[in-house]
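[1] got a predicted model here, sequence first, then my questions.
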Amino acid sequence: MDSFIQDFRYSIRNLFKSPGFAVASILTLAIGIGATTAIFSVVDAVLVKRLPYKEPERIVAIWEKTPSGVKNPVSSAEFVDWKTQNQVFDYITAIDSAMFNLSEKNDPEQVLGILGSAGLFQVLGINPSLGRGFSPEEENPGRDKVVVLSHGLWQRRFRSDRNIVGTSVRINDEKYTIIGVMPHSFRFLSARVELWMPLALKADHLNRQLHYLSVYGRLKPSSGLNDAQADMDVITRNLERQYPESHRKNWGTLVLPLHDQIVTPDLRQSLLIFFAAVSLCF
């Protein structure tokens with residue numbers, strides 16, 4: 001202990017003798033600690049912490065899969081078949097994204113929005129902090145003119161009006177009824193999303209050729225990932241036989257945990273390499 005104290009005092013005296021070196025050393029240490037802390041925070045948030053949804057281990061992404069294993073979006077008709085024929089999901093939802101024009105005031109604004117079928121918020125297990133989410137009836141064309149706002153949009157354009165539910169807003173020059181506001185912490189797919197609206201799929205306009213939807217599901221408590229994959233494989237083979245003109249042979253489905261969908265192997269590897277590089281540099 002005495003030796004340590006003597007060494008410490010000697011080091012301090014030397015630093016005072018060379019103030020320039022002392023400042024450079026302290027700044028280097030500060031930068032190193034700051035950089036390491038920052039990248040560790042990112043690694044912890046992305047790779048370690050649970051996703052901020054109810055029972056996130058039960059949420060999966062469902063894709064078409066090419067013979068080479070590449071993920072492919074889903075057609076509207078195929079999603080409806082998956083929704084009605086599956087045995088493993090409590091809820092299943094399809095989403096699309098687009099830019100929308102808010103024009104209810106003199107200062108129009110273009111925002112990113114998500115069109116989602118009625119099970120969207122149930123899949124994630126997150127309810128609006130004000131109002132409600134979509135009902136199944138609001139998936140029908142003509143009844144789909146309702147919107148859920150992000151917390152940020154509600155604050156920015158509507159001055160955090162707690163009586164906003166039931167009022168109207170003009171989107172793409174059409175009148176929509178505001179039915180809910182999401183919590184401040186809610187994020188899904190992109191932090192830039194400002195509103196959510198029902199995905200209205202017309203029964204007579206379902207298409208098997210146009211693939212543009214992303215699909216997510218919440219597994220039943222009694223179902224696991226392997227059960228879901230097996231169930232979707234059966235549905236795919238049945239649809240292939242039923243619609244040979246649109247369902248290509250040797251294509252399949254791919255069921256992925258939501259965490260694996262968000263944190264891809266490339267992203268995981270890049271973050272770990274970057275963290276190791278920063279740590280070794282300092």
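    Structure's in. What do you need?

[2] hey, where'd the strands end up in this structure?
    59-65, 71-72, 74-75, 89-102, 109-116, 130-131, 146-149, 168-171, 174-181, 193-198, 211-219, 252-257 (DSSP state E).

[3] most packed of those strands?
    strand 146-149 (a mean of 24; mean count of other CB atoms under 10 Å). Bear in mind the C-beta positions are built from the backbone N, C-alpha and C, glycine included.

[4] residues in contact with it?
    Outside of strand 146-149, the residues within contact range by CB atoms under 8 Å, 6 or more residues apart in numbering are 128, 131, 133-134, 138, 158, 164, 169, 171, 176-182, 194-198.

[5] tell me the pLDDT at N106?
    Model confidence at N106, given as pLDDT, is 70.

[6] near Q209, how many other residues are there?
    Using other CB atoms under 10 Å, Q209 is surrounded by 8 other residues.

[7] could you pull up the residues touching the closest residue in space to it that isn't next to it in sequence?
    Leaving aside its sequence neighbours, Q209 sits nearest to S246 (CB to CB, 6 or more residues apart in numbering; 6.1 Å). Residues near S246 by CB under 8 Å, 6+ apart: S75, R208, Q209.

[8] same check on V255?
    V60, A61, I62, L225, A228, Q229, M232.

[9] who's it bridged to?
    I62 (DSSP bridges).

[10] what's the distance between it and S68?
    Separation of V255 from S68 (CB to CB, to the nearest Å): 18 Å.

[11] what do you get for V80?
    For V80 relative to S68 (CB to CB), the value is 27 Å.

[12] neighbour count winner among the two?
    V80 (15 against 6).

[13] just to revisit the earlier point, got a markdown table for the contacts of V255, with distance to S214 too?
    Listed next are those as a markdown table, based on distance: CB to CB, whole Å:
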| residue | distance to S214 |
| --- | --- |
| V60 | 12 |
| A61 | 7 |
| I62 | 9 |
| L225 | 18 |
| A228 | 16 |
| Q229 | 18 |
| M232 | 15 |
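
[14] end to end on stretch 101-119, go ahead and measure it.
    25 Å (CA to CA, to the nearest Å).

[15] low pLDDT regions in the chain?
    Applying pLDDT under 70 to the chain flags the ranges 1-49, 104-105, 263-282.

[16] quick check: end-to-end length of stretch 126-136?
    End-to-end distance (CA to CA), stretch 126-136: 17 Å.
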